[in-house]
Each structure stands twice: as C-alpha cells, then as structure tokens.
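Colleague: the following block contains a protein sequence and its predicted model.
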There are 2 protein chains.
Amino acid sequence: MKSTPKGMRDFLPEDMIIRNQVMKQIEESYRNYGYRPIETPAMEYLETLSAKAGGEIEGEIFSLEGKELALRFDLTVPLARVAATNSFPKPFKRYCISRVWRKEEPQRGRFREFWQADVDIIGSKEMRSEAELLTLTREMLIGFGFPKPRILLNNRKIMTAILDKLELGENGNDILRILDKTDKIGEVAVRAELKKLVGETPTREILKLIKMEGTNEEKLAAVERICKEGVEELREIIKLCNFEIEVDLALVRGLGYYTGPVFEVQLSKEMGSIAGGGRYDNLLGAYGQNDCATGISIGVERMITLMKERKTNEQENSKTYTVVFVGCVKPEFYDYSFKVAEELRKAGIAAETDLNSRNLRKQMDYANSLCIPYFAVVGEREMKEKKITLKDMKTGTEEQVNVAEAIKKLKGGSC
Amino acid sequence: MKSTPKGMRDFLPEDMIIRNQVMKQIEESYRNYGYRPIETPAMEYLETLSAKAGGEIEGEIFSLEGKELALRFDLTVPLARVAATNSFPKPFKRYCISRVWRKEEPQRGRFREFWQADVDIIGSKEMRSEAELLTLTREMLIGFGFPKPRILLNNRKIMTAILDKLELGENGNDILRILDKTDKIGEVAVRAELKKLVGETPTREILKLIKMEGTNEEKLAAVERICKEGVEELREIIKLCNFEIEVDLALVRGLGYYTGPVFEVQLSKEMGSIAGGGRYDNLLGAYGQNDCATGISIGVERMITLMKERKTNEQENSKTYTVVFVGCVKPEFYDYSFKVAEELRKAGIAAETDLNSRNLRKQMDYANSLCIPYFAVVGEREMKEKKITLKDMKTGTEEQVNVAEAIKKLKGGSC
C-alpha cells in the first residue's frame, strides 16, 4: 500500500499539537487587531487562478481532471476574487490560515501541500495600514519568543523609478526577478546575470544605488529626487512605527503584482525571512472591481519548525491533551472509573479511562507512553469511600482525594 | 469573472465566526475525552481511495489531472491508511475536523466541499468504546443546547444473522442498501423494492423482525436466538450508558464496512440524524495491518446550520471579534489612538483604529456596520489628560476613563 503522495505529509498527534498551538497563537494576533476570518474553496476555476498566477507559479498549479478546476496556490488570489465580488465595509481587514498546493519539486522544508497565514487590508490607501501590518507582525513574533525581529522595508515605486530613470523599464520584471534571487544564488551571480541582460554600466548604477550603505535617512535622501512619493511613504511608515525599521533599497519581493511599500521580517541576519508582503493596488482589478490593498504573510510552516525545535530542546513534545487517566484495578470498578472521568470532563479536565480491560500495570504503560501527567487509581476502597488515588507522574507523589478535590488540584496545577 | 465552482462556498466573516465557534466546541469535546488530532493530505493516491470507496462513492471522487491522485471523500480511509502504516499506543483515539470533497449533484444542504468531524478508536474490541463514543456525542449535543438527543442502536451482526437465517445472505448488501433508503423514499417504496429483489415472503419476514415495536428488551429477546453475540453486545452498551438508548433493529447505516454495533443520534424525531457511526473491524486490513476499530461522525455542516438559525432568532450574528474601535477626532491624534489600541491589544482586548483618515462620524459608521460593541474617542482633551471617552454602543452611555480603567471594564463586560 502506498503512503502519502509526493511532497505531502501526514501530521501525527505530536505534530498536530504544536501546529494547532502555533496557528492558534497566530489567529489570536490577527483577531486582536480586528482582522476577520474568511475561507474559500480549495478549488477555483483554472482561469481565476491563471489570471494572476504569473509565469513560474502557472506551471505549479494542480489541476483537476478535465482542467476546468484547479487547487489554489495561495490565499491572495481567492481573496481578490471574494473582495471584488462582494461588498464589505471598508477597510476590509481579513485573515485566513489555510492550506494551499503547489506542484514544486519537494526539497527540505518545501512541500506540495502547505499552510499559509495571511492578513490583508482592502480599501485603505494610507501608510497607517502598512504600519499596522508591521506592528502586528512584530508583536506576534515577540509573542513567539523572538524579541528582536528585523524589519526590512522598501518601496516598489522607488525600484521602478530607478529602472525608468536608467531607461531599463522594459526589462523591469526580468531585473526584479534576478535581484530577488540574491539570497539563493549570491551577489556575484546576480551581478553576472544583470550584466548579461542590461550591460555593465546600468548594472553598476543599479547596484550602486540599491546596495548603498548608511542610515535610513541617508538612503532615502539618495533616492528622493528619483522618487519623492515612494520616499515619503516610507518616511511615514517609519514615523508611525514605534520600533526599528531598516530601509533596504535592494529588497524586491518577487511577485509582479506589488505596487508600493514592500517588507520582509527576519528573525536574525542568518535566517531567511519569516514574513513578507506589500501593497498591491491593482490586483483586485483583474477580478472585476479594483481597490487598493496591502497585506503580509507569515511563514507558518517555518514558524512551526522553529517552535518544534525549541520544544525538543526544552522538553518532550506533548502527545495528547489528556490530563488524567482514570485507571481501574479490576473490571468490576470500571463503571465507577467511567463516572469519575465524566465528572472530571464536566469540569473541563480531559480524562481517559481504560477501554481494553487491561491490568493496572498495562493501563499505566499506556498513560506513560502518552506522557499523561496524572494517573488516578480506582479500586474497592476508593469506590467505598467515593475517592480516587491521584498520582502525579512527574513527582511520583500520590494522595487520596475525592473528585471535587481532584478537580481543584488539577485545575490549579500545570499539565 | 466566474465565482466559486459548482457546489462550493465562500465563507464570509459572519459565517466563519459561527463555523469557528461550532468547530472549536466540537474539538474541545473530543480533547476532553482524550482524542488526539491527526491531519492527512487533501490528496491520496486514487488506488488508496478506491480500495474502500464502494460503488456509489467511487463515481463521486474528484481526481487530479493524470488520475494518479484524487481528493479524499472522507476522513476514515486516510485514518485507516495512517493507522495501518504507523504504530501508536493502543487504543489509538484520534479526532479529525477537516474538509472532504465529493462530486455529488449539489442540493439543499449538500455541497461538493464540506467539513467532517470524526472520532475513532483503533485497537479496542470492547463495548466500552461504543459506550464512550455515545456518551461523548450526547454530552456534546447537550453542550450545544439540545438536552434530549435520541440515540438509536443496532448491530450489523444481528442484521447479517437475520439475512443468513432467511437464506438471503448473497443479496445482503443490496438489501442493506434498500433498507438504508427508508428515510429518503419511505417505507412503502422500500417494501416494494425489497419484494422485487427477494420476493414477498422474505420481505414480510425481514420487515416483521426489524420493524417490531416494543421495549429494548422485547426487541433483543426476539432476535436473541438468531444472534446471541450481537444481542449481548447491545445489552452491554446499554448497561454501560447511563442514559436512554433506543434499540432500532431497522437501523442499517449504508456503508458496507460496518461489522458490529451501529448507531445514529437524532435531535428530534422529525429531523434526520446529526451523528452516526459504527464498528468496522475489518477496514484497516485493506491497508496492510488489521485492527479492530469503531467511530462516530458528527454532521458538522448541519450543526453549523442549526446554530446559525438559532443565532439569527436570538440576536444579530457576530461580524467581527473586535471589541473596541479607537476613533480619533482629528488626524493629529492618530498616534495617540494607535498607542491606546496597542495597550488594549496587549491586554488581550481586540481593538481597531481608523486606517482611512475619516471624520469621526464615518469612523462610527464603520464600527456600527460591524456591530463593534464599544467605541472610544480620542481628542485633544483626552490626549492631554491621558484618557479616552468610552462609549457602550448598546446602552449609549459614555464615560471618561484612562486605559487601565477601560481594560478593566472591557474585560469584565460582555462582547
């Protein structure tokens, strides 16, 4: 029997418990800033997806038999379709945490089915929106235990103006695509590819401008005459944000649809970016009704990997949500153990009982194999006295308590 | 521009807020009984799905271009694959709330993409498992505000034994399929179809046995000689469950893979079932490594519809999670309003600010259109005094408070 399809994964309970926790924390951040959930079908008409897929992604679309329908490759295209065909109070602030599919060649950390977590603002042209997205992302990462996220900011308008000024506008998309590969192929290779495309002098001039060192204000001043509007937008974002932001004139973000500020967030200089996004004021037009828009996407798969690594260092991963296993000494006490478990559950304490008529030793082995933190024993004496013997599996201490006392203890204690 | 594919839905924020709440409540019930989450890919190899799809569903499978892969049509087949190819401590109790796809003809309440919510127990042959599944389901439904779920119970073994005794075993699957249609086509049509298949006398004998009236014990006594084992299993489940269960010897459950007790839960006599399941001790064998198994599925789409109807009756549906909109009188106070919002968010109170430099009236219109329960005003005086004017939009009362006081009030109040 075959297992999962290429590039796709089963998530077993240990994985799911971390995944659920990370996604919940992301979702809470989104809600905290007033973003509203939407969900769209896994499938769209292929023509809906193709309208904005762009060259590289087009070849990665999973299409259904008959090729009329296909699986979505991101959450932005479905959002654009929904926003252009519904009327929402504006700004429409939406979040979506859900799965997408791309027929890429699987590599370490890249899968054919993966989750994305996006927030977008439709219908606000102001830099307040960008400031909110960056604030939200930074606070979320701090909440995940990364106290100093590095925030990189650029403006697609500045890049476009530079290329126009150098009369390279017609090669614009190719140049952006090459520049976007810096992290992957390195600066030397980027320089070589650019040279091949536009020649030596323009390459030198582009790189001189966008790679310049200095403070934010020095960089912005250097390009102010080329693109006043783009520079002022970045100044406003920086002013609105109450934390450090780094202007990076070389920041490109591959996608063709960006039209204004673009941003990436890194957890350290060494690691790639954990979040990225930008303004795309013309995308919705392709779906019927144009409106301005900006958004940011968190690399949820990467965040899950990071949290998993950290957990492995600190402690064993959780394998279950169960807090207490109510074991019974002999089958005739099973009714009582089930009743005790029901009382615990009604108090919101996750409890299990023995479903296999095993001896107490085997019941304990099962509970230990799932690292269930408490084990309650129910025998003749306990039943007579309406009590349970509650054992803390970490410390080994045990005590005889009634169910109300057990509830109090388990609600107070950690699990 | 086309909208969603046939039989598929966009879920807008009002829908999502109810959907999320219903699914969260279901998930909490599952965790409370010690079920552990797994998730599997949307896609499986077509041969994996076909191995247990059975006639009707086979034609409803969405296959991908190339027909090697296809979208899952339920959560049980992927569970069987996972359970047969991994080793878990037994019993393996898992839950999954996720989407599936079927190329059915869409009708009222039936979609081509829909969510299922399943709990299953792999590796326990005891009736304790069935009792736990029924207890969990009943408690969950009571938690949803349905105090008297009606629980119907039968045993596939009894049905099989009756058919064997009447020497109708070879037509077994067809007979089950006809009986399963009673709710859809009515008793008269079922009787006619059966007659056509097996003749008048056997039809009368089958229906006499399975449609008999009486107490549970009368029904069980009537078939005890035909199938002692099946009857004893049902007696044990009834004994373990501390609530009313109705033996229904005509209960079939269409799927071919059931081997033991089967059950359905209804919210009233008029409504169809809200949950159903049964024991399928041979399914895992098809995926490599056999083990006994039993499970129950909640009709999550139906539950969402019920909760939505109830909400509409009681109050307007929630449109956002936001608790307070921090409006500002003039653009120069925006920084302060953003700072106030950040403090509220840090205290876990979902807050929004004006992203569009609108006047206060327009900001309030936006907040009202989303039914945000509180509106805070920030102007010159508020900024000077480090306060906000907090208005309760339901009562219309407003008061000047500092942020700490606002947090206290909003955390105490409802939202």
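Modeller: Great, that's in hand. Residues are numbered from 1 along each chain as shown, chains lettered A, B, ... in the order given.
Colleague: what about A:F325, is that helix, strand or coil?
Modeller: A:F325 falls in the strand class when you classify it by DSSP: H, G, I helix; E, B strand; the rest coil.
Colleague: quick one: contacts for it?
Modeller: Applying Cβ atoms under 8 Å, 6 or more residues apart in numbering or on different chains, we find A:F325 in contact with A:351-354, A:363-364, A:366-367, A:372, A:374-376, B:34. Glycine gets a C-beta too; all of them are placed from N, C-alpha and C.
Colleague: and if you look at A:M212?
Modeller: Contacts of A:M212 by Cβ under 8 Å, 6+ apart are A:E218, A:K219, A:A222, A:L249.
Colleague: give me the buried subset of those.
Modeller: By neighbour count, with 16 or more other Cβ atoms under 10 Å in any protein chain shown, the contacts of A:M212 hold A:K219, A:A222, A:L249 as buried.
Colleague: so the first one touches A:I245, yeah?
Modeller: No: between A:K219 and A:I245 there is no contact, the gap being 11.8 Å when judged by Cβ atoms under 8 Å.
Colleague: neighbours of A:G412, just the number please.
Modeller: When neighbours are counted by other Cβ atoms under 10 Å in any protein chain shown, A:G412 registers 7.
Colleague: next, A:S98: secondary structure please.
Modeller: Assigned with three-state DSSP, A:S98 falls in the strand class.
Colleague: find me the pLDDT at it, would you?
Modeller: Here, the pLDDT recorded for A:S98 equals 98.
Colleague: got it, and A:R110?
Modeller: A:R110 is assigned a pLDDT of 85 by the prediction.
Colleague: beta partners for the residue of the stretch 251-400 of chain A found nearest chain B?
Modeller: Relative to chain B, the nearest point of the stretch 251-400 of chain A is A:E352 (3.6 Å; Cβ to the nearest Cβ). Per DSSP bridges, the residues bridged to A:E352 are A:F325.
Colleague: please tell me I have it right and it contacts A:G327.
Modeller: No: contact criterion Cβ under 8 Å: A:E352 and A:G327 do not qualify, at 9.2 Å.
Colleague: for chain A, what helix or strand is lowest in average pLDDT?
Modeller: Sorting the helices and strands of chain A by mean pLDDT, DSSP states H and E puts helix A:54-58 at the bottom, at a mean of 70.
Colleague: and of the contacts of A:M212, the nearest to chain B?
Modeller: Nearest to chain B among these, with distances taken as Cβ to the nearest Cβ, is A:K219, at 24.2 Å.
Colleague: which helices and strands sit right next to the one helix or strand the closest one maps to?
Modeller: Using DSSP states H and E, the element containing A:K219 is helix A:216-224. Helix A:216-224 sits against helix A:156-165, helix A:228-240, strand A:246-247, with contacts defined as 3 or more Cβ pairs under 8 Å, 6 or more residues apart in numbering or on different chains; DSSP states H and E.
Colleague: chain B is nearest to which of those?
Modeller: Among the helices and strands packed on helix A:216-224, helix A:228-240 comes nearest to chain B, with 7.3 Å by Cβ to the nearest Cβ.
Colleague: for the closest one, the averaged confidence score.
Modeller: For helix A:228-240, the mean pLDDT works out to 97.
Colleague: ok, which stretches of the stretch 151-300 of chain A are strands?
Modeller: Using DSSP state E, counting those that start in this stretch, the strands of the stretch 151-300 of chain A run over residues A:246-247, A:261-266, A:273-279, A:293-298.
Colleague: can I get the ones you listed in a markdown table with mean neighbour count, distance to chain B and mean pLDDT?
Modeller: Output for those, formatted as a markdown table (neighbours: other Cβ atoms under 10 Å in any protein chain shown; distance: least, Cβ to the nearest Cβ, whole Å; pLDDT from 0 to 100):
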| stretch | mean neighbour count | distance to chain B | mean pLDDT |
| --- | --- | --- | --- |
| strand A:246-247 | 20 | 21 | 97 |
| strand A:261-266 | 24 | 14 | 97 |
| strand A:273-279 | 24 | 13 | 95 |
| strand A:293-298 | 25 | 10 | 97 |
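Colleague: got a list of what A:V119 touches?
Modeller: The neighbourhood of A:V119, defined by Cβ under 8 Å, 6+ apart, consists of A:Y30, A:Y33, A:Y35, A:K93, A:R94, A:Y95, A:L133, A:L136, A:G295, A:I296.
Colleague: show me these that map onto helices.
Modeller: Those of the contacts of A:V119 mapping onto helices are A:Y30, A:L133, A:L136, per DSSP state H.
Colleague: picking up where we left off before, wait, does the helix or strand following the least confident helix or strand of chain A contact chain B?
Modeller: Going down the chain from helix A:54-58, the next helix or strand is strand A:69-71, by DSSP H and E. Yes: shown here: strand A:69-71 in contact with chain B (Cβ under 8 Å from any Cβ of the partner chain) through A:L69, A:L71.
Colleague: circling back: which one among the contacts of A:M212 gets closest to B:E232?
Modeller: Set against B:E232, the nearest of the contacts of A:M212 by Cβ to Cβ is A:L249 (78.6 Å).
Colleague: which residue, other than its chain neighbours, is closest to that closest one?
Modeller: Excluding the flanking residues, the one nearest A:L249 by Cβ to Cβ, 6 or more residues apart in numbering or on different chains is A:I210, at 4.2 Å.
Colleague: that neighbour reaches A:A222, doesn't it?
Modeller: No: applying Cβ under 8 Å as the test, A:I210 and A:A222 come out as separate, 10.0 Å apart.
Colleague: the residue in the stretch 101-250 of chain A positioned nearest to chain B in helix, strand or coil?
Modeller: Residue of the stretch 101-250 of chain A nearest chain B, by Cβ to the nearest Cβ: A:S124 (4.2 Å). Look at A:S124: counting by three-state DSSP, its state is coil.
Colleague: give me the phi and psi angles of it.
Modeller: Dihedral pair for A:S124: phi -130, psi 120, per degrees, to the nearest 10.
Colleague: now swap in A:S87 and tell me
Modeller: Backbone geometry at A:S87, expressed as degrees, to the nearest 10, gives phi -120, psi 120.
Colleague: ok now do A:K339, which residues does it touch?
Modeller: So A:K339 contacts B:N242 (Cβ under 8 Å, 6+ apart).
Colleague: where does the stretch 1-150 of chain A have low pLDDT?
Modeller: Residue ranges of the stretch 1-150 of chain A with pLDDT under 70: A:1, A:53-56.
Colleague: and the most centrally placed residue in chain A, what's its pLDDT?
Modeller: Chain A has A:V300 as the residue nearest its centroid, 2.4 Å off, counting by Cα atoms, centre = their mean. On pLDDT, A:V300 comes in at 95.
Colleague: many thanks, I have nothing further to ask.
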